[in-house]
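J.: any chance you can model this:
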Amino acid sequence: MLKIENLTKEYEGQKILDGIHLEVKKGDVLVVVGPSGCGKSTLLRCINALEPIQGGTIKLQGMDIRKGSKNITTLRQKIGMVFQSYELFPHLTVIDNITLAPVKVQKRDKAEVRKEAMELLARVGLADKAKSYPRQLSGGQKQRVAIVRALCMHPEILLFDEVTAALDPEMVREVLDVMLDLAKQGKTMLIVTHEMQFAKAVADKVIFIDQGKIVEEAAPEEFFEHPKTERAKQFLNVFTFEHVEHHEE
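T.: Residues are numbered from 1 along each chain as shown. Sure, this is the predicted structure:
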């Protein structure tokens, strides 16, 4: 469904992404992990043509994605993106935030879109918030609304960019549960996250990026239990603590 070949992204002469090769098949859940600043979020932004690329190709269902290309609006509708910062319109209610693009951009029937939006809100436990404004919601609720908004466009692939990074620990779970549910439904997803337990639970494949390159890709059990590269071992060590014995003086 998504094929990335030799992707290069430079910013002020510095390579942010360096020769990335990646394939996502229909129904795949790929989780991208790596240290901060390694290019994970940039990768998602390139896929969505929010960033211009300097080399290589990104193809969705065989069609070239490039910032400024003629069919970019059509292609973008096939890609649902959920950001760390929700990006909800503050002056619109939850239901209006969700239905705006399907009605305006996809020219779909308003009543039909509203019905679908309400069903999706019920699914993520927010049916009672349809008429609320974003400022009246918690971070976890906003993020679930942002996911529903992406789903309502009927995308072929969903991109999640650190969607729990700004949330309190208690809210992280409610958002991750929605994503786990989407994985069970067979949605195609590319997820950038720091939540290692979640990555292990949801991923078909884990992609480890460091300094703009894919250093390792493996099934989650393999990556977390037996990382092949030194760099991946170092990275994963950050998430494990040895038990400390306390000795009484």
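
J.: show me the shaky parts of the protein.
T.: Applying pLDDT under 70 to the chain picks out residues 67-68, 240-246, 248-249.

J.: where is the longest helix in it?
T.: With DSSP state H applied, the helix covering the greatest number of residues in the chain is identified as helix 169-184.

J.: I'd like the distance from that helix to the chain centre, please.
T.: 12 Å (C-alpha atoms, centre = their mean, to the nearest Å).

J.: so what's the residue positioned nearest the centre of the chain up against?
T.: Residue closest to the average C-alpha location in the chain (C-alpha atoms, centre = their mean): F160, at 1.1 Å. F160 makes contact with 82, 179, 189-193, according to C-beta atoms under 8 Å, 6 or more residues apart in numbering. Where C-beta positions appear, they are placed from N, C-alpha and C, glycine not excepted.

J.: is it in a bridge, and if so with what?
T.: V82, I191 (DSSP bridges).

J.: is it fair to say L100 lies in a strand?
T.: No: assigned with DSSP: H, G, I helix; E, B strand; the rest coil, L100 falls outside any strand and is helix.

J.: contact partners for it?
T.: 89, 92.

J.: so how far is E112 from it?
T.: Summarising the geometry, the distance separating L100 from E112, computed by C-beta to C-beta, to the nearest Å, is 15 Å.

J.: name the residues of the longest helix of the chain that come out as buried.
T.: Along helix 169-184, these residues count as buried under the neighbour rule (16 or more other C-beta atoms under 10 Å): 171-172, 174-176, 178-179, 182-183.

J.: what do you get for stretch 62-69?
T.: Applying a neighbour-count criterion of 16+ other C-beta under 10 Å, one finds I65 buried in stretch 62-69.

J.: got the end-to-end distance for it?
T.: This stretch, stretch 62-69, spans 14 Å end to end (C-alpha to C-alpha, to the nearest Å).

J.: who wins on neighbours among the contacts of F160?
T.: Highest neighbour count within those, by other C-beta atoms under 10 Å: I191, with 28 neighbours.

J.: wait, that residue touches M179, no?
T.: Yes: taking contact to mean C-beta atoms under 8 Å, the distance of 7.1 Å between I191 and M179 places them in contact.

J.: list the contacts for T42?
T.: Counting by C-beta under 8 Å, 6+ apart, T42 makes contact with 9, 16-17, 51.

J.: next, work out how far apart it and D109 are.
T.: For T42, the distance to D109 equals 37 Å [C-beta to C-beta].

J.: torsion angles phi and psi at the closest residue to L182 other than its chain neighbours?
T.: Nearest in space to L182, with sequence neighbours left out and distances taken as C-beta to C-beta, 6 or more residues apart in numbering, is M189 at 6.6 Å. Summarising the backbone geometry of M189 under the convention degrees, to the nearest 10, its torsions are phi -140, psi 140.

J.: surely M189 and L30 touch.
T.: Yes: with contacts defined as C-beta under 8 Å, M189 counts as touching L30 at a distance of 7.2 Å.

J.: just the strands in the chain please.
T.: 2-11, 14-24, 29-33, 55-60, 63-64, 79-82, 157-161, 189-192, 205-210, 213-218 (DSSP state E).
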